[in-house]
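Trainee: got a sequence here, can you build the structure:
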Amino acid sequence: MKKGRVTIKDIARELKIAPSTVSRALNDHPAIKKETKDAVKALAEALDYQPNLLALNLLQKKSNTIGVIVPEITGHFFSAIITGIQDVIVDSEYNIMICLSNESYEEELTIVKRLSKIQIDGVLVAPSSETKDFDHFRRLQKSGIPVVVFDRDCPGLEADKVLVDDYFGAFQAVEYLIGTGCKNIAHLGGPLNLSTTEQRLQGYLDALEKNKVPINSDYIVHIPGFAHKDAVKATKKLLDLQICPDAIFAYNDKIAISAIHIAKKMGLKIPEDVSVLGFDDEPHSSFMTPPLSTVWQPVYSMGMLSARILLSHLKNKNNVLEFRKEVFKPELVIRASSR
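Mentor: Here you go, the predicted structure:
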(Lines give C-alpha, C1' and ligand atoms only; values in the text may rest on other atoms or scores of the structure.)
Protein backbone atom coordinates (compact mmCIF):
# COMPACT_ATOMS: atom_id res chain seq x y z
CA MET A 1 0.00 0.00 0.00
CA LYS A 2 1.34 3.46 -0.87
CA LYS A 3 2.26 5.97 1.83
CA GLY A 4 0.06 9.01 2.41
CA ARG A 5 -3.68 9.49 2.45
CA VAL A 6 -5.67 6.31 1.83
CA THR A 7 -8.27 6.64 -0.93
CA ILE A 8 -11.26 4.62 -2.13
CA LYS A 9 -9.12 3.43 -5.05
CA ASP A 10 -6.56 1.99 -2.62
CA ILE A 11 -9.25 0.00 -0.79
CA ALA A 12 -10.69 -1.17 -4.11
CA ARG A 13 -7.26 -2.32 -5.29
CA GLU A 14 -6.65 -4.32 -2.10
CA LEU A 15 -10.05 -6.05 -2.28
CA LYS A 16 -9.98 -6.37 -6.10
CA ILE A 17 -13.34 -4.66 -6.54
CA ALA A 18 -14.47 -1.48 -8.30
CA PRO A 19 -14.02 1.90 -6.56
CA SER A 20 -17.75 2.54 -7.07
CA THR A 21 -18.50 -0.64 -5.09
CA VAL A 22 -16.29 0.59 -2.24
CA SER A 23 -18.08 3.95 -2.22
CA ARG A 24 -21.49 2.30 -2.12
CA ALA A 25 -20.41 -0.12 0.59
CA LEU A 26 -19.15 2.71 2.79
CA ASN A 27 -22.52 4.44 2.34
CA ASP A 28 -24.54 1.26 3.10
CA HIS A 29 -26.08 1.08 -0.36
CA PRO A 30 -28.79 -1.66 -0.38
CA ALA A 31 -27.47 -3.14 -3.64
CA ILE A 32 -24.17 -4.17 -2.00
CA LYS A 33 -23.96 -7.51 -0.23
CA LYS A 34 -23.40 -7.55 3.55
CA GLU A 35 -20.17 -9.56 3.17
CA THR A 36 -18.75 -6.93 0.82
CA LYS A 37 -19.80 -4.08 3.12
CA ASP A 38 -18.19 -5.75 6.11
CA ALA A 39 -14.94 -6.38 4.21
CA VAL A 40 -14.78 -2.82 2.90
CA LYS A 41 -15.52 -1.24 6.30
CA ALA A 42 -13.04 -3.48 8.10
CA LEU A 43 -10.23 -2.59 5.68
CA ALA A 44 -11.18 1.10 5.75
CA GLU A 45 -10.90 1.09 9.54
CA ALA A 46 -7.62 -0.84 9.51
CA LEU A 47 -6.10 1.62 7.02
CA ASP A 48 -7.59 4.66 8.84
CA TYR A 49 -9.44 5.76 5.72
CA GLN A 50 -10.94 9.25 5.94
CA PRO A 51 -13.39 10.49 3.31
CA ASN A 52 -12.33 13.46 1.20
CA LEU A 53 -14.74 16.05 2.53
CA LEU A 54 -13.47 18.69 0.11
CA ALA A 55 -14.44 16.54 -2.87
CA LEU A 56 -17.82 15.74 -1.29
CA ASN A 57 -18.46 19.40 -0.58
CA LEU A 58 -17.66 20.34 -4.19
CA LEU A 59 -20.18 17.77 -5.40
CA GLN A 60 -22.81 19.00 -2.97
CA LYS A 61 -21.95 22.69 -3.63
CA LYS A 62 -21.49 23.37 0.08
CA SER A 63 -18.56 23.50 2.49
CA ASN A 64 -20.23 22.56 5.80
CA THR A 65 -18.38 25.56 7.16
CA ILE A 66 -19.60 28.76 8.82
CA GLY A 67 -17.48 31.90 8.66
CA VAL A 68 -17.14 34.02 11.81
CA ILE A 69 -15.76 37.51 11.16
CA VAL A 70 -14.68 39.53 14.20
CA PRO A 71 -12.52 42.66 14.63
CA GLU A 72 -10.11 40.92 17.07
CA ILE A 73 -9.85 38.06 19.55
CA THR A 74 -7.19 39.30 21.99
CA GLY A 75 -9.76 40.52 24.52
CA HIS A 76 -12.41 38.66 26.48
CA PHE A 77 -15.39 40.13 24.59
CA PHE A 78 -15.06 38.52 21.16
CA SER A 79 -13.38 35.36 22.44
CA ALA A 80 -16.40 34.80 24.72
CA ILE A 81 -18.78 35.34 21.80
CA ILE A 82 -16.82 32.83 19.70
CA THR A 83 -16.99 30.32 22.55
CA GLY A 84 -20.77 30.71 22.60
CA ILE A 85 -20.90 30.18 18.83
CA GLN A 86 -18.68 27.11 19.00
CA ASP A 87 -20.71 25.55 21.82
CA VAL A 88 -23.78 25.63 19.56
CA ILE A 89 -22.09 24.69 16.28
CA VAL A 90 -20.19 21.71 17.79
CA ASP A 91 -23.39 19.64 17.87
CA SER A 92 -24.20 20.37 14.23
CA GLU A 93 -22.70 19.16 10.96
CA TYR A 94 -20.82 22.44 10.53
CA ASN A 95 -17.33 23.65 11.33
CA ILE A 96 -16.42 27.28 12.00
CA MET A 97 -13.72 29.34 10.33
CA ILE A 98 -12.64 32.35 12.41
CA CYS A 99 -11.50 35.41 10.43
CA LEU A 100 -10.06 38.65 11.84
CA SER A 101 -10.75 41.98 10.18
CA ASN A 102 -8.38 43.83 12.55
CA GLU A 103 -10.90 46.70 12.58
CA SER A 104 -10.20 47.23 8.85
CA TYR A 105 -12.92 47.58 6.20
CA GLU A 106 -10.50 46.53 3.45
CA GLU A 107 -9.50 43.35 5.30
CA GLU A 108 -13.17 42.61 5.99
CA LEU A 109 -13.93 43.02 2.28
CA THR A 110 -11.11 40.61 1.34
CA ILE A 111 -12.34 38.06 3.89
CA VAL A 112 -15.89 38.14 2.50
CA LYS A 113 -14.62 37.65 -1.06
CA ARG A 114 -12.53 34.64 -0.01
CA LEU A 115 -15.36 33.09 1.97
CA SER A 116 -17.73 33.35 -0.99
CA LYS A 117 -15.16 31.61 -3.21
CA ILE A 118 -14.92 28.56 -0.94
CA GLN A 119 -18.71 28.13 -0.89
CA ILE A 120 -19.13 29.11 2.75
CA ASP A 121 -22.57 28.08 4.04
CA GLY A 122 -23.25 31.05 6.31
CA VAL A 123 -21.57 34.04 7.94
CA LEU A 124 -21.67 35.50 11.45
CA VAL A 125 -20.14 38.97 11.57
CA ALA A 126 -19.32 41.83 13.90
CA PRO A 127 -18.39 44.63 11.45
CA SER A 128 -15.10 46.47 11.73
CA SER A 129 -14.97 50.00 13.16
CA GLU A 130 -14.18 51.30 9.64
CA THR A 131 -17.16 49.64 7.94
CA LYS A 132 -19.74 52.13 6.70
CA ASP A 133 -20.88 50.36 3.52
CA PHE A 134 -22.53 46.94 3.75
CA ASP A 135 -22.80 45.94 0.09
CA HIS A 136 -20.34 43.07 0.58
CA PHE A 137 -22.79 41.50 3.05
CA ARG A 138 -25.67 42.06 0.61
CA ARG A 139 -23.70 40.24 -2.10
CA LEU A 140 -23.37 37.24 0.21
CA GLN A 141 -27.12 37.26 0.78
CA LYS A 142 -27.85 37.53 -2.95
CA SER A 143 -25.73 34.43 -3.56
CA GLY A 144 -27.81 32.49 -1.03
CA ILE A 145 -25.46 32.79 1.96
CA PRO A 146 -27.31 33.83 5.15
CA VAL A 147 -25.69 36.56 7.25
CA VAL A 148 -26.21 37.18 10.98
CA VAL A 149 -24.86 40.46 12.38
CA PHE A 150 -23.93 40.60 16.07
CA ASP A 151 -22.72 43.21 18.59
CA ARG A 152 -22.37 46.08 16.10
CA ASP A 153 -25.37 47.03 14.02
CA CYS A 154 -25.35 47.62 10.25
CA PRO A 155 -28.01 50.33 9.80
CA GLY A 156 -30.02 49.80 6.62
CA LEU A 157 -28.90 46.19 6.12
CA GLU A 158 -31.79 43.72 6.18
CA ALA A 159 -30.36 40.76 8.07
CA ASP A 160 -30.69 38.87 11.34
CA LYS A 161 -29.17 40.88 14.16
CA VAL A 162 -28.19 40.02 17.73
CA LEU A 163 -27.34 43.15 19.68
CA VAL A 164 -27.14 44.62 23.18
CA ASP A 165 -29.15 47.66 24.25
CA ASP A 166 -26.15 49.99 24.44
CA TYR A 167 -28.36 53.02 24.94
CA PHE A 168 -29.99 51.49 28.01
CA GLY A 169 -26.64 50.46 29.50
CA ALA A 170 -25.14 53.92 29.04
CA PHE A 171 -28.24 55.68 30.37
CA GLN A 172 -28.25 53.53 33.51
CA ALA A 173 -24.52 54.10 34.07
CA VAL A 174 -24.67 57.89 33.77
CA GLU A 175 -27.85 58.17 35.84
CA TYR A 176 -26.12 56.17 38.55
CA LEU A 177 -23.14 58.59 38.52
CA ILE A 178 -25.53 61.52 38.80
CA GLY A 179 -27.24 59.81 41.72
CA THR A 180 -23.93 59.59 43.58
CA GLY A 181 -23.51 63.37 43.38
CA CYS A 182 -21.34 63.71 40.27
CA LYS A 183 -22.06 66.96 38.40
CA ASN A 184 -19.32 67.16 35.77
CA ILE A 185 -19.51 63.81 33.98
CA ALA A 186 -17.23 63.28 30.98
CA HIS A 187 -17.58 60.69 28.25
CA LEU A 188 -14.68 58.91 26.56
CA GLY A 189 -16.42 57.63 23.43
CA GLY A 190 -15.40 55.08 20.81
CA PRO A 191 -14.84 55.48 17.05
CA LEU A 192 -17.57 57.73 15.68
CA ASN A 193 -19.05 55.53 12.94
CA LEU A 194 -19.84 52.56 15.21
CA SER A 195 -23.49 51.99 16.14
CA THR A 196 -22.39 51.12 19.68
CA THR A 197 -20.56 54.46 19.98
CA GLU A 198 -23.65 56.36 18.82
CA GLN A 199 -26.01 54.52 21.17
CA ARG A 200 -23.77 54.90 24.24
CA LEU A 201 -23.27 58.59 23.51
CA GLN A 202 -27.02 59.11 23.18
CA GLY A 203 -27.64 57.28 26.45
CA TYR A 204 -25.09 59.55 28.14
CA LEU A 205 -26.67 62.71 26.72
CA ASP A 206 -30.25 61.71 27.55
CA ALA A 207 -29.35 60.78 31.13
CA LEU A 208 -27.81 64.22 31.63
CA GLU A 209 -30.81 65.95 30.03
CA LYS A 210 -33.37 63.97 32.04
CA ASN A 211 -31.61 64.89 35.30
CA LYS A 212 -31.15 68.54 34.25
CA VAL A 213 -27.36 68.30 34.25
CA PRO A 214 -25.84 70.80 31.77
CA ILE A 215 -24.20 69.20 28.72
CA ASN A 216 -20.63 70.43 28.21
CA SER A 217 -19.16 69.53 24.80
CA ASP A 218 -15.65 69.82 26.29
CA TYR A 219 -16.45 66.75 28.38
CA ILE A 220 -17.11 64.57 25.30
CA VAL A 221 -14.00 63.14 23.63
CA HIS A 222 -13.97 60.32 21.09
CA ILE A 223 -10.91 58.15 20.62
CA PRO A 224 -9.86 56.52 17.31
CA GLY A 225 -9.20 52.99 18.61
CA PHE A 226 -9.35 50.66 21.59
CA ALA A 227 -5.71 50.39 22.68
CA HIS A 228 -4.31 51.95 25.86
CA LYS A 229 -2.37 54.54 23.84
CA ASP A 230 -5.58 55.69 22.14
CA ALA A 231 -7.09 56.67 25.50
CA VAL A 232 -4.05 58.40 27.03
CA LYS A 233 -4.23 61.67 25.08
CA ALA A 234 -8.01 61.89 25.41
CA THR A 235 -7.94 61.32 29.16
CA LYS A 236 -5.23 63.92 29.71
CA LYS A 237 -7.26 66.39 27.66
CA LEU A 238 -10.24 65.89 29.96
CA LEU A 239 -8.32 66.00 33.22
CA ASP A 240 -6.43 69.14 32.16
CA LEU A 241 -9.66 71.12 31.78
CA GLN A 242 -10.07 74.17 34.05
CA ILE A 243 -13.02 72.44 35.71
CA CYS A 244 -11.88 68.83 35.96
CA PRO A 245 -14.57 66.17 35.51
CA ASP A 246 -15.64 64.44 38.70
CA ALA A 247 -16.66 61.32 36.74
CA ILE A 248 -15.75 59.58 33.49
CA PHE A 249 -18.06 57.21 31.66
CA ALA A 250 -15.91 55.27 29.20
CA TYR A 251 -16.94 53.47 26.00
CA ASN A 252 -15.46 50.19 27.30
CA ASP A 253 -13.41 48.72 30.13
CA LYS A 254 -10.09 49.05 28.30
CA ILE A 255 -10.56 52.78 27.97
CA ALA A 256 -11.83 53.08 31.55
CA ILE A 257 -8.76 51.25 32.91
CA SER A 258 -6.50 53.55 30.88
CA ALA A 259 -8.35 56.55 32.32
CA ILE A 260 -7.78 55.29 35.88
CA HIS A 261 -4.07 54.78 35.12
CA ILE A 262 -3.66 58.32 33.75
CA ALA A 263 -5.71 59.90 36.56
CA LYS A 264 -3.51 58.23 39.17
CA LYS A 265 -0.36 59.43 37.40
CA MET A 266 -1.76 62.95 37.53
CA GLY A 267 -2.21 62.67 41.32
CA LEU A 268 -5.97 62.14 41.37
CA LYS A 269 -7.71 59.65 43.64
CA ILE A 270 -10.27 57.14 42.37
CA PRO A 271 -13.15 57.57 43.19
CA GLU A 272 -12.68 60.44 45.66
CA ASP A 273 -11.62 62.91 42.93
CA VAL A 274 -12.92 61.13 39.83
CA SER A 275 -15.40 58.26 39.55
CA VAL A 276 -14.73 55.97 36.57
CA LEU A 277 -17.26 53.62 34.99
CA GLY A 278 -16.67 51.33 32.00
CA PHE A 279 -18.66 49.05 29.71
CA ASP A 280 -18.27 45.27 29.03
CA ASP A 281 -17.31 43.82 32.45
CA GLU A 282 -14.09 42.20 31.25
CA PRO A 283 -12.91 39.50 33.74
CA HIS A 284 -9.83 41.46 34.80
CA SER A 285 -11.91 44.56 35.61
CA SER A 286 -12.83 43.22 39.06
CA PHE A 287 -9.13 42.78 39.90
CA MET A 288 -8.14 46.37 39.22
CA THR A 289 -7.19 48.76 42.02
CA PRO A 290 -9.79 49.91 42.66
CA PRO A 291 -12.10 47.31 41.07
CA LEU A 292 -13.89 48.82 38.07
CA SER A 293 -17.58 49.73 38.04
CA THR A 294 -18.94 48.78 34.63
CA VAL A 295 -21.86 47.61 32.48
CA TRP A 296 -22.10 43.84 32.03
CA GLN A 297 -23.03 42.40 28.63
CA PRO A 298 -24.22 38.79 28.06
CA VAL A 299 -21.57 38.14 25.40
CA TYR A 300 -21.60 34.32 25.63
CA SER A 301 -25.39 34.27 25.17
CA MET A 302 -25.03 36.66 22.24
CA GLY A 303 -22.73 34.16 20.52
CA MET A 304 -25.02 31.22 21.21
CA LEU A 305 -28.15 32.97 19.93
CA SER A 306 -26.35 34.22 16.79
CA ALA A 307 -25.29 30.66 15.96
CA ARG A 308 -28.77 29.26 16.58
CA ILE A 309 -30.38 31.82 14.29
CA LEU A 310 -27.90 31.04 11.51
CA LEU A 311 -28.45 27.28 11.89
CA SER A 312 -32.21 27.82 11.63
CA HIS A 313 -31.67 29.40 8.21
CA LEU A 314 -29.33 26.64 7.07
CA LYS A 315 -31.81 23.94 8.13
CA ASN A 316 -34.74 25.68 6.42
CA LYS A 317 -33.19 26.78 3.13
CA ASN A 318 -36.35 25.99 1.21
CA ASN A 319 -38.51 28.07 3.56
CA VAL A 320 -38.45 31.84 3.77
CA LEU A 321 -37.69 32.84 7.36
CA GLU A 322 -38.25 36.39 8.57
CA PHE A 323 -35.21 38.30 9.78
CA ARG A 324 -34.92 38.46 13.56
CA LYS A 325 -33.61 41.32 15.66
CA GLU A 326 -32.80 40.25 19.21
CA VAL A 327 -31.61 42.81 21.76
CA PHE A 328 -30.16 41.80 25.13
CA LYS A 329 -30.39 44.06 28.19
CA PRO A 330 -27.07 44.85 29.92
CA GLU A 331 -26.72 45.21 33.69
CA LEU A 332 -24.93 47.75 35.86
CA VAL A 333 -22.14 46.31 38.06
CA ILE A 334 -21.03 48.67 40.80
CA ARG A 335 -17.55 48.31 42.33
CA ALA A 336 -15.07 50.64 44.05
CA SER A 337 -14.04 52.86 41.10
CA SER A 338 -17.21 54.92 41.52
CA ARG A 339 -18.67 56.68 44.53
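Trainee: could you pull out the strands for the stretch 51-200 of the chain?
Mentor: Ranges of strands in the stretch 51-200 of the chain, per DSSP state E, counting those that start in this stretch, are 65-70, 95-100, 122-125, 147-150, 160-164, 185-189.
Trainee: closest one to residue 26 among those?
Mentor: Closest approach to residue 26 among the strands of the stretch 51-200 of the chain is made by strand 95-100 (21.2 Å; Cβ to Cβ). Backbone N, C-alpha and C define where each C-beta goes, glycine included.
Trainee: report the distance from the closest one to the chain centre.
Mentor: Offset of strand 95-100 from its chain centre (Cα atoms, centre = their mean, to the nearest Å): 11 Å.
Trainee: quick thing: my sequence starts at 68, can you match it?
Mentor: New numbering, starting at 68: the last item is strand 162-167.
Trainee: could you check the angle strand 132-137 makes with it?
Mentor: Here strand 162-167 runs at an angle of 30 degrees relative to strand 132-137 (axes from the mean of the first three to the mean of the last three Cα atoms, to 10 degrees).
Trainee: give me the contacts around strand 162-167.
Mentor: Contacting residues not belonging to strand 162-167 are listed as 131-140, 149, 152-153, 156, 174, 178, 182, 187 [Cβ atoms under 8 Å, 6 or more residues apart in numbering].
Trainee: with stretch 331-346 instead?
Mentor: 233, 236-237, 240, 243-244, 247, 249, 267, 303, 306, 311-324, 326-327, 330, 352, 357, 359-362, 364, 397, 403-406.
Trainee: out of those residues, which end up buried?
Mentor: With neighbours counted by 16 or more other Cβ atoms under 10 Å, the contacts of stretch 331-346 contain buried members at 233, 236-237, 240, 243-244, 249, 267, 306, 312-324, 326-327, 330, 352, 359-362, 364, 397, 404-406.
Trainee: where does the stretch 168-317 of the chain dip in pLDDT?
Mentor: Within the stretch 168-317 of the chain, no range satisfies pLDDT under 70.
Trainee: do that again at 80, thanks
Mentor: Scanning the stretch 168-317 of the chain for pLDDT under 80 picks out 294.
Trainee: quick one, helices of it?
Mentor: Remark: helices assigned in the stretch 168-317 of the chain by DSSP state H, counting those that start in this stretch are 172-184, 202-209, 233-246, 262-277, 295-306.
Trainee: tell me what the fourth one is packed against?
Mentor: Counting contacts by 3 or more Cβ pairs under 8 Å, 6 or more residues apart in numbering; DSSP states H and E, helix 262-277 is packed against helix 233-246, strand 252-256, strand 287-289.
Trainee: output these in TSV; the columns should cover distance to residue 381.
Mentor: Below are these laid out as TSV (distance: least, Cβ to Cβ, whole Å):
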stretch	distance to residue 381
helix 233-246	29
strand 252-256	37
strand 287-289	38
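Trainee: and among the ones you listed, the most buried is which?
Mentor: Mean neighbours per residue, mean count of other Cβ atoms under 10 Å, is largest over the helices and strands packed on helix 262-277 for strand 252-256, with a mean of 25.
Trainee: just the angle between it and helix 295-306, please?
Mentor: Going by the same axes, to 10 degrees, strand 252-256 makes 150 degrees with helix 295-306.
Trainee: and the contacts of strand 252-256?
Mentor: Where contact means Cβ under 8 Å, 6+ apart, the residues beyond strand 252-256 that reach it are 241, 244-245, 264, 267-268, 271, 275, 280, 286-290, 298, 301-302, 305, 312-318, 322-323, 326.
Trainee: pretty sure residue 266 contacts residue 238?
Mentor: No: counting by Cβ atoms under 8 Å, residue 266 does not reach residue 238; the two are 9.7 Å apart.
Trainee: rewinding a little: and the strands of the stretch 118-267 of the chain: which comes nearest residue 387?
Mentor: Nearest to residue 387, of all the strands of the stretch 118-267 of the chain, is strand 227-231, at 13.1 Å by Cβ to Cβ.
Trainee: just how off-centre is the closest one within its chain?
Mentor: Distance, stretch centre to chain centre, for strand 227-231: 11 Å (Cα atoms, centre = their mean).
Trainee: what do you get for stretch 208-222?
Mentor: 13 Å.
Trainee: same thing with stretch 237-249?
Mentor: Mean C-alpha position of stretch 237-249 versus that of the full chain (Cα atoms, centre = their mean) differs by 28 Å.
Trainee: and stretch 383-396, by the same measure?
Mentor: Offset of stretch 383-396 from its chain centre (Cα atoms, centre = their mean): 18 Å.
Trainee: and that stretch, end to end?
Mentor: Chord length of stretch 383-396, first to last residue, is 29 Å (Cα to Cα, to the nearest Å).
Trainee: average pLDDT for it, rounded please.
Mentor: Stretch 383-396 shows a mean pLDDT of 88.
Trainee: likewise for stretch 337-357?
Mentor: The pLDDT scores in stretch 337-357 average 96.
Trainee: now that stretch: buried residues?
Mentor: Across stretch 337-357, burial judged by 16+ other Cβ under 10 Å covers 337-338, 340-349, 352, 355.
Trainee: same list, the residues you listed, but as CSV with distance to residue 219 and secondary structure please.
Mentor: CSV is the format used below for those (distance: Cβ to Cβ, whole Å; DSSP: H, G, I helix; E, B strand; the rest coil):
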residue, distance to residue 219, secondary structure
337, 30, coil
338, 30, coil
340, 34, coil
341, 29, coil
342, 27, strand
343, 24, strand
344, 21, strand
345, 18, coil
346, 14, coil
347, 13, strand
348, 18, coil
349, 17, coil
352, 21, helix
355, 26, coil
